[in-house]
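Asks: coords please:
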Amino acid sequence: MNLDIKELDKQKVFDDFVKRSPNCNFMQSYNWSIYQESGLGRKTYRLGFYNGDELIATAYCYEVSQTFGKYIYCSRGPILKEISRIVYEDVLNKLREYFKDKEYLFLKIDPSIQSSNSVSEVPLSMEAFKNVLTMFNQRRLGF
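Replies: Numbering: from 1, shown residues only. Have a look, this model is predicted:
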């Protein structure tokens, strides 16, 4: 599949697509991107993935600055028109390619796809993505 990636600036197109998707999530909505951009001052990317003229996936991503540098975060995305292993892999490759030559250290995704769905394992089977386990050190605060 030969995908084209374009910036989406029309809220209705973006949100209508997200609402119809089987892996819909508010953290991939246009309003959430506006909050990240205007409220938190983050650089945002609202991306559409096209197969010809057909929009088959979207991804709202934003820049996160840390002391070690900047990275791109795609929270609960990308959003797919249909849950398909092949489409998902193509979208992830295109997303990675899009940010590859920019000044970011890495691309972080945490897709909204149920772990019981075999498509959720796609990033783990790709060489470019790694499974990262986050551990929290929980302790009581004494007063």
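Asks: Rounded mean pLDDT for the lengthiest strand in the chain, please.
Replies: Ranked by number of residues, the top strand in the chain under DSSP state E is strand 54-66. Here the mean pLDDT over strand 54-66 is 89, rounded to a whole number.
Asks: Could you do stretch 3-11 as well?
Replies: Average pLDDT, stretch 3-11: 88.
Asks: quick revisit: what pairs with the longest strand of the chain, parallel or antiparallel?
Replies: For strand 54-66, the paired strands and their directions (DSSP bridges) are strand 44-51 (antiparallel), strand 69-75 (antiparallel), strand 79-80 (antiparallel).
Asks: And the first one, what's buried?
Replies: What that stands for is strand 44-51. 44-49 (16 or more other CB atoms under 10 Å). Any C-beta I mention is one placed from the backbone N, CA and C, and that applies to glycine too.
Asks: so how far is that strand off the chain centroid?
Replies: Distance, stretch centre to chain centre, for strand 44-51: 10 Å (CA atoms, centre = their mean, to the nearest Å).
Asks: got it, and stretch 95-109?
Replies: 11 Å.
Asks: ok, and for it, which residues are buried?
Replies: Buried residues in stretch 95-109 (16+ other CB under 10 Å): 95-96, 98-99, 104, 107, 109.
Asks: With only the CA atoms kept, save that stretch in PDB.
Replies: Taking only C-alpha atoms (Å, rounded to 0.1, in the frame of the first residue of the first chain), the coordinates of stretch 95-109 have been written out as PDB:
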ATOM      1  CA  LEU A  95       4.500   7.900  10.800                       C
ATOM      2  CA  ARG A  96       8.100   7.000  11.600                       C
ATOM      3  CA  GLU A  97       9.300   8.100   8.200                       C
ATOM      4  CA  TYR A  98       7.500  11.500   8.700                       C
ATOM      5  CA  PHE A  99       9.300  12.300  11.900                       C
ATOM      6  CA  LYS A 100      12.700  10.600  11.000                       C
ATOM      7  CA  ASP A 101      14.500  13.700   9.700                       C
ATOM      8  CA  LYS A 102      13.100  16.100  12.300                       C
ATOM      9  CA  GLU A 103      14.900  17.100  15.500                       C
ATOM     10  CA  TYR A 104      13.200  14.400  17.700                       C
ATOM     11  CA  LEU A 105      14.900  11.700  19.700                       C
ATOM     12  CA  PHE A 106      12.100   9.200  19.300                       C
ATOM     13  CA  LEU A 107       8.400   8.600  18.600                       C
ATOM     14  CA  LYS A 108       6.200   7.300  21.500                       C
ATOM     15  CA  ILE A 109       2.900   5.600  20.800                       C
END
